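[1] okay, here's the prediction I keep looking at, along with the sequence it came from:
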Amino acid sequence: MKFKSIIEEIEFSKKRFQLKKDIENLFLEKEYINYETDIVEDIKGNLLTNNQYKDNDLVKVIGSNGKTSILSRDITTNLLNNLIPNWEKDFKVKLFYYGKIFINESSKIKEIRQMGAECIGIDTIDSDKEILQLINSIMGKYRKNYILEVGTSEYLKGILNEFYLDEIEYKTIINLINKKNKEDLKTYMKKFEKTPGREALINIIDMRGTIGEVLNKVGNFHMNEKMNKGLQELGEIKKYLDVNNIDSKNIICDLSITSSLNYYSGLMFKTFYHDSNKEIIKGGRYDINCDGYGDIIPAIGFSVEIDELLRNIYSKGEIWWKD
């Protein structure tokens, strides 16, 4: 971010520090523990390969010994690569972090400040609820009106499992869903006319609204076990919101979210303020299945783009804080 004067820059730095403290206090109130990860990672040392990033996105550094390393691209993956080798069965932990990630973007290195929280080894539904509560607390602290989009990776994955797609077919379908292009998707899916999940896939673009509205809409289409699992998770979230009288006016359910679909294994979410189309918070469930470490380890978390949040609440040289 560029500043008109040194006074404005120092003021912005003060506000960033205050913002970090505010979010940190929210984490501490929920008994999260601070965890620091390394900035430099061994490029070949990742136990958990994060395939959501292309090789060209990574910022690589070569040491004096000729060894290639990377600057951290994803703090969650970095954190898990440190913890999983020493993981113990039934261990539970709630962590928060503050750090930087680095992206190779258009031949320039982009540095992004993030804070985040991770619930690892904790009951699925309980941690889903707590994470959503934290997200609402962060977004609602600075503005009353915001958008929290929630979805589930399992519903769309369940539909796609009904088809035997090659790589080109899969990418074409995902691209059409991303563009919300229902007519072209309908035309493309004609060759799968006899597949049970065809109508559910075509109509997934329309599966947007309140959680209750979306759950009612999907009842008209084909359902398999994986799809049903995702919808049950959303149903539990709806019950939680209803029982606790949580105002859901800012929450939109969207079953067509495809971002990092293969990375997530359940609930997915992202947040915006109304006058911006840039994500401020994003995350989801990414249960860990690692050979040698026993059962699947439940895990869910999110990251906050600190400077993007600050840009959204920075107006005319001042931050408008909600008391």
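    Right, received. Where do you want to start?
[2] where do the strands sit along the stretch 201-323 of the chain?
    Using DSSP state E, counting those that start in this stretch, the strands of the stretch 201-323 of the chain run over residues 208-209, 251-254, 267-272, 281-285, 299-305, 314-315, 318-319.
[3] mean pLDDT, distance to K191 and mean neighbour count added to these, as CSV?
    (Each C-beta comes from the backbone N, C-alpha and C, glycine too.) Formatted as CSV, these follow (pLDDT from 0 to 100; distance: least, C-beta to C-beta, whole Å; neighbours: other C-beta atoms under 10 Å):
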stretch, mean pLDDT, distance to K191, mean neighbour count
strand 208-209, 96, 26, 16
strand 251-254, 95, 26, 20
strand 267-272, 95, 29, 24
strand 281-285, 95, 31, 23
strand 299-305, 96, 37, 23
strand 314-315, 64, 50, 14
strand 318-319, 47, 54, 14
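[4] turn the ones you listed into TSV, including distance to Y146.
    Converted to TSV, the strands of the stretch 201-323 of the chain look like this (distance: least, C-beta to C-beta, whole Å):
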stretch	distance to Y146
strand 208-209	17
strand 251-254	10
strand 267-272	6
strand 281-285	9
strand 299-305	13
strand 314-315	16
strand 318-319	16
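[5] select, out of these, the one closest to N81.
    Nearest to N81, of all the strands of the stretch 201-323 of the chain, is strand 299-305, at 13.1 Å by C-beta to C-beta.
[6] re earlier: out of the strands of the stretch 201-323 of the chain, which gets nearest to S106?
    strand 299-305 (18.7 Å).
[7] residues in contact with that closest one?
    With C-beta atoms under 8 Å, 6 or more residues apart in numbering as the test, strand 299-305 has contacts from 23, 75-76, 80, 112-121, 124, 127-128, 131, 134-135, 138, 266-267, 269, 278-288.
[8] how about stretch 250-264?
    Stretch 250-264 is contacted by residues 50-52, 136, 139-140, 145-153, 155-157, 174, 177-178, 180, 204-205, 207-211, 213-214, 218, 234, 241, 268, 270, 282, 284-286 when judged by C-beta under 8 Å, 6+ apart.
[9] I306: how many residues sit nearby?
    Neighbour count for I306, taken as other C-beta atoms under 10 Å: 19.
[10] wait, it touches M115, no?
    Yes - between I306 and M115 there is a contact under C-beta atoms under 8 Å: 5.9 Å.
[11] shared neighbours of those two, anything?
    Common neighbours of I306 and M115, counting by C-beta under 8 Å, 6+ apart, are K20.
[12] got the phi and psi for I246?
    Here is the backbone geometry of I246 (degrees, to the nearest 10): phi -80, psi 130.
[13] what sits against it?
    Residues near I246 by C-beta under 8 Å, 6+ apart: N136, Y240.
[14] measure it to G151 for me?
    18 Å (C-beta to C-beta, to the nearest Å).
[15] re the thing from before, list buried residues within the contacts of strand 299-305.
    For the contacts of strand 299-305, a neighbour count by 16 or more other C-beta atoms under 10 Å gives the buried set as 23, 75-76, 80, 113-121, 124, 127-128, 131, 134-135, 138, 266-267, 269, 279-286, 288.
[16] in helices, which of those appear?
    Among the buried ones among the contacts of strand 299-305, the members found in helices (DSSP state H) are I23, I75, T76, L80, T124, S127, D128, I131, L134, I135, I138.
[17] in TSV, list these along with distance to N34 and pLDDT.
    Converted to TSV, these look like this (distance: C-beta to C-beta, whole Å; pLDDT from 0 to 100):
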residue	distance to N34	pLDDT
I23	12	96
I75	13	92
T76	15	92
L80	16	90
T124	24	80
S127	18	93
D128	22	93
I131	17	95
L134	15	95
I135	19	95
I138	17	95
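[18] from those residues, pick the one nearest K30.
    Nearest to K30 among these, counting by C-beta to C-beta, is L134 at 6.7 Å.
[19] the closest one reaches K30, doesn't it?
    Yes - applying C-beta under 8 Å as the test, L134 and K30 come out as touching, 6.7 Å apart.
[20] grab the nearest non-local neighbour of G209.
    Using C-beta to C-beta, 6 or more residues apart in numbering and skipping residues adjacent in sequence, the residue nearest G209 is C253, 6.3 Å away.
[21] quick one: contacts for G197?
    Contacts of G197 (C-beta under 8 Å, 6+ apart): G158, I159, L160, N161, E162, F163, H222, N224.
[22] for G283, give its distance to D74.
    Distance of G283 to D74, computed by C-beta to C-beta: 11 Å.
[23] could you pull up the residues touching the residue most central in space within the chain?
    Centroid-nearest residue in the chain: G283, 1.7 Å away (criterion: C-alpha atoms, centre = their mean). Applying C-beta under 8 Å, 6+ apart to G283 gives the contacts G116, I131, M268, F269, K270, I300, G301, F302, S303.
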